[in-house]
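[1] quick one, what's the 3D model for this:
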Amino acid sequence: MQRIVHGYRSEMGELSASYTTTVSVSAKMRKSFETTLEQNRDKLAAFASLLLSFNKRHNLISRRSEENVFLNHIVHSLAIASKRFHTSATIVDWGSGGGLPAIPLAIAEPSTNVVAVDAIDKKTRAVRSISTRLGIENIIAWNGRAEEWPDSCDYSGSRATAPLSTLWSWHLRVASRNERSEVCDIWRPGLLCLKGGDLKQEIAALLQENHDLVINVYDLASLDEHPYFHEKVLLHVYERPKGLK
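    Here you go, the predicted model:
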């Protein structure tokens, strides 16, 4: 796995470069992603169909993206499942909208508990209805503001919902302190978010406020060669382990 260290500088001074790395997706991660996609293709396709149907009434995704709904929304969301999650872990999707990435994650990771959080009631009702129709039992939809979600979680997920600093503050407030064994093929508990474009300022702002973080930036163009994934990344943010210099 190739690691390239990037530094970020803000008006407050130079931030530590050692905590932020651009990480090429490994062959093992790509294989896991492709296998998960193929094993769940039928249910994921059924979700795409329901998403389009509900979108006519609830405006869950952009109408301009409907033509490429499977690639742009389902496959993109599934990038978070390129590694596994700890069994019985709770994953919260902040600003889930129509269940993205919550529903693809619940399909791909049936041993986890997924929570789709959204402040708009019609969207959480749509997620509940779609999940019921698909027979997904490991997902719940919670209507309310992210700052008010009352439980705890092991992982947070997001798809272009809010700035990194905001997402991390939501995660940190409810992050479980359960000890999890270190396994190379399983995500370390933390924040996993899908974003695109130039993220230097967002990352710099996050590191300015939180000095003991590790941020791995996965280039999704190395996960899927389709042009849609160019300039798309998956960020994995977690607290720096004790002893890591």
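
[2] now do the contacts for the nearest residue to His73 once chain neighbours are set aside.
    In this structure, His73 finds its nearest non-sequential neighbour in Leu100, 5.5 Å apart by Cβ to Cβ, 6 or more residues apart in numbering. Every residue, glycine included, has its C-beta placed from N, CA and C. For Leu100, the contact set (Cβ atoms under 8 Å, 6 or more residues apart in numbering) comprises 61, 73-74, 77, 93, 159.

[3] just the residues you listed: which are in helices?
    Among the contacts of Leu100, the residues falling in helices (DSSP state H) are Ser77.

[4] in the contacts of Leu100, which residue is surrounded by the most others?
    Asp93 (35 neighbours; other Cβ atoms under 10 Å).

[5] tell me the contacts of that one?
    Contacts for Asp93 (Cβ under 8 Å, 6+ apart) come out as 99-102, 105, 114-117, 156-159.

[6] show me which of these is closest to Leu235.
    Using Cβ to Cβ, Ser158 comes nearest to Leu235 of these, at 9.3 Å.

[7] show me what that closest one is bridged to.
    Applying DSSP bridges to Ser158 gives these bridge partners: Cys193.

[8] quick one on the thing from earlier: what's the closest of the contacts of Leu100 to Lys242?
    Nearest member of the contacts of Leu100 to Lys242, counting by Cβ to Cβ, is Asp93, at 28.7 Å.

[9] partners of that closest one in the sheet?
    With DSSP bridges as the rule, Asp93 is bridged to Ala116, Gly157.

[10] how near is it to Asp154?
    Distance, Asp93 to Asp154, by Cβ to Cβ, to the nearest Å: 13 Å.

[11] show me where this protein has its strands.
    3-5, 9-10, 13-14, 20-24, 90-94, 113-118, 139-143, 155-159, 191-196, 213-219, 232-239 (DSSP state E).

[12] redo the ones you listed as JSON lines? Include distance to Asn178.
    Shown next, in JSON lines, are the strands of the chain (distance: least, Cβ to Cβ, whole Å):
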{"stretch": "strand 3-5", "distance to Asn178": "28"}
{"stretch": "strand 9-10", "distance to Asn178": "33"}
{"stretch": "strand 13-14", "distance to Asn178": "35"}
{"stretch": "strand 20-24", "distance to Asn178": "25"}
{"stretch": "strand 90-94", "distance to Asn178": "10"}
{"stretch": "strand 113-118", "distance to Asn178": "13"}
{"stretch": "strand 139-143", "distance to Asn178": "20"}
{"stretch": "strand 155-159", "distance to Asn178": "12"}
{"stretch": "strand 191-196", "distance to Asn178": "16"}
{"stretch": "strand 213-219", "distance to Asn178": "19"}
{"stretch": "strand 232-239", "distance to Asn178": "13"}
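
[13] TSV for those, including distance to Trp170 and mean pLDDT?
    What follows is the strands of the chain, written out as TSV (distance: least, Cβ to Cβ, whole Å; pLDDT from 0 to 100):
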stretch	distance to Trp170	mean pLDDT
strand 3-5	27	34
strand 9-10	22	34
strand 13-14	27	37
strand 20-24	20	80
strand 90-94	6	98
strand 113-118	9	98
strand 139-143	13	98
strand 155-159	7	96
strand 191-196	9	97
strand 213-219	15	93
strand 232-239	12	95
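
[14] closest to Ser131 out of those strands?
    Checked against Cβ to Cβ, the stretch from those lying closest is strand 139-143, at 5.1 Å.

[15] by how many degrees do that closest one and strand 90-94 diverge?
    40 degrees (axes from the mean of the first three to the mean of the last three Cα atoms, to 10 degrees).

[16] returning to what we had before: between the contacts of Leu100, which is nearest Lys122?
    Ile61 (13.6 Å).
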